[in-house]
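Peer 1: Just the structure for this:
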Amino acid sequence: MYPESIKNLIESFKFLPGIGSKTAERLAFSILDLDDDQVAFFSNSIDSVKKNIHKCSICNTLTEEDICFVCSNQNRDNYTLCVVEDSKNVFLFEKLGIFKGKYHVLDSLISPLEGINPEDIGIEKLLNRIENEHFEEIIFAFKPSVEGETTALYIKKILEGIDIKVSRLASGIPIGADMEFLDCLTLERALNDRKSIE
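Peer 2: Numbers count the residues shown, from 1 in each chain. Below you'll find the model as predicted:
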């Protein structure tokens, strides 16, 4: 029932995660309300991000340069490395402004059910950095999931025998949460990571 151009635009929006038919229709009709400059900016931004964004040659995070803004910053703590699942986590930490070390972005987390094995997540590049950059601590900042836990344990096993501190983000019960709605993994982690009351 839609003209071909609108139908194609609707289908294009449905490529995005979390966008269903209704939302895609609403977004497509919103484009029609934009002026020519806005449409050109929108179109150029999509084109530009595909042409110019690539992985940092050192840490794998997304950048327009050969080396990202973190790796090229001489004022970062060179002894602490935070290993994350994807670049979105790097940007999240940087927005918070609480971590001053370096990052390393894996290609994925280990998930045999999805066909992602240890050799698929880019561990070799991580191990080369650890060997060459002399970090004193590695922090695993993975989501609290089976995949995150599996990946952390696998890398920790590889690092046995290397003089380096290995830690992970504390996780547990969020403030204001009802105990009855917590999943087993969160409750178990909260119990295991318990701290004494000062």
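Peer 1: All the strands of the protein, residue numbers only.
Peer 2: 54-55, 62-63, 80-84, 102-105, 137-141, 165-168 (DSSP state E).
Peer 1: Quick one: closest of those strands to residue 186.
Peer 2: When these are compared by C-beta to C-beta, strand 165-168 sits nearest residue 186, at 14.3 Å. From N, CA and C alone the C-beta is placed, and that goes for glycine too.
Peer 1: For the closest one, what is the distance to the chain centroid?
Peer 2: 18 Å (C-alpha atoms, centre = their mean, to the nearest Å).
Peer 1: what residue is smack in the middle of the protein?
Peer 2: residue 86 (2.5 Å; C-alpha atoms, centre = their mean).
Peer 1: if I read this right, it contacts residue 109, doesn't it?
Peer 2: No. The criterion here is C-beta atoms under 8 Å, and residue 86 misses it with residue 109 at 9.3 Å.
Peer 1: Please name the bridge partners of residue 105.
Peer 2: residue 84 (DSSP bridges).
Peer 1: Just give the number of residues close to it.
Peer 2: 23 (other C-beta atoms under 10 Å).
Peer 1: Next one: it from residue 12, what distance?
Peer 2: Going from residue 105 to residue 12 by C-beta to C-beta, to the nearest Å gives 27 Å.
Peer 1: Check residue 98 and give its pLDDT.
Peer 2: Reading off the confidence values, residue 98 has pLDDT 85.
Peer 1: now it: how far from residue 178?
Peer 2: Distance from residue 98 to residue 178, by C-beta to C-beta: 28 Å.
Peer 1: repeat for residue 81
Peer 2: 36 Å.
Peer 1: what do you get for residue 86?
Peer 2: 30 Å.
Peer 1: same thing with residue 188?
Peer 2: In terms of C-beta to C-beta, residue 188 sits 17 Å off from residue 178.
Peer 1: and if you look at residue 26?
Peer 2: Residue 26 is 34 Å from residue 178, by C-beta to C-beta.
Peer 1: which stretches of this structure have low pLDDT?
Peer 2: Within the chain, the segments meeting pLDDT under 70 span 179, 195-198.
Peer 1: More neighbours: residue 81 and residue 178, which one.
Peer 2: residue 81 (22 against 7).
Peer 1: Surely the more buried one touches residue 101?
Peer 2: Yes. The criterion here is C-beta under 8 Å, and residue 81 meets it with residue 101 at 6.2 Å.
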